[in-house]
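quick one, what's the 3D model for this:
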Amino acid sequence: MGEVNEPRSECPINAAIEVFGDRWTLIVLRDIVFGDRRYFRELQAGSLEGIASNILADRLKRLLASGLLTREDARAGQRARYSLTEPAIQLVPVFAQLGSWGLRHRPTSRALRARALLLEEGGPALWQEFMDELRREHLGSDLPVRSPTVRERLNAAHRAASS
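Residues are numbered from 1 along each chain as shown. Below you'll find the model as predicted:
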C-alpha cells in the first residue's frame, strides 16, 4: 500500500490538505460519494475531468493508505470494489460547502450545479441523511431507509437540469 508521510506541521488545515489537497483526490472521492462508482473502471470511464489510469491508481492507493477507503480483495477474474470509511463519509458537508462556494464564485453548467444547489438548500439535515445512506451502502449500517433516497433526489435534480 501507499506510504503516509510525516505531516509538515500539526495544523488541522494542513493535516487535511496533506490527505486530499491535490487536484485529483477529492474528485475521486466525489465520484465514489455522489456517482456511486466503486470500481476502478467505473471511476475512470465516468470521470468528467478525464483522469488518467496511472493517476487514478495512485490516488486510490493514497486514499487506502490514509484510511479514507477500503478495498475488497478480489479473487482472480473479479474486480476489486472500493468502499468509503467513516472519515470519508464525514466529508459530505465539506463537499456541500465546496459546491456552494463554486456556485457563487466559479463558472458552472446548469446541469452540474443542480446537485450542489440541492445540497445547499437541504443543509445539514440533508447532509446527515445522505451520510446515513452512505453508511448503509459502504459500512453495512442498518440505519433506516428513506424514500426517495438523497442520491435519487440528487440524480433527479441533475436530470431535470440537463433537459
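
buried set for the longest helix belonging to the chain?
If you go by DSSP state H, the chain has its longest helix at helix 110-134. For helix 110-134, the neighbour count (16 or more other CB atoms under 10 Å) marks 113-120, 122, 126-127, 129-134 as buried. The way it works is simple: take the backbone N, C-alpha and C, and place the C-beta from them, glycine included.

for it, the distance to its chain's centre please.
On the basis of CA atoms, centre = their mean, to the nearest Å, helix 110-134 sits 12 Å off its chain's mean C-alpha point.

which other helices and strands contact the helix or strand bottoming out on mean pLDDT in the chain?
In the chain, no helix or strand scores lower on mean pLDDT, DSSP states H and E than helix 12-20, which sits at a mean of 86. Other helices and strands packing on helix 12-20, by 3 or more CB pairs under 8 Å, 6 or more residues apart in numbering; DSSP states H and E, are helix 25-33.

next secondary structure element downstream of the helix it packs on?
helix 40-45 (DSSP states H and E).

quick one: residues in contact with that next one.
Here helix 40-45 makes contact (CB atoms under 8 Å, 6 or more residues apart in numbering) with 28, 31-32, 35, 37, 51, 53, 56-57, 60, 79-80, 82.

buried subset of these?
28, 31-32, 37, 51, 56, 60, 82.

against residue 145, how distant is residue 62?
32 Å (CB to CB, to the nearest Å).

got it, and residue 93?
21 Å.

and the two? Which one has more around it.
Per other CB atoms under 10 Å, whichever of residue 93 and residue 145 has more neighbours is residue 93, with 15 against 9.
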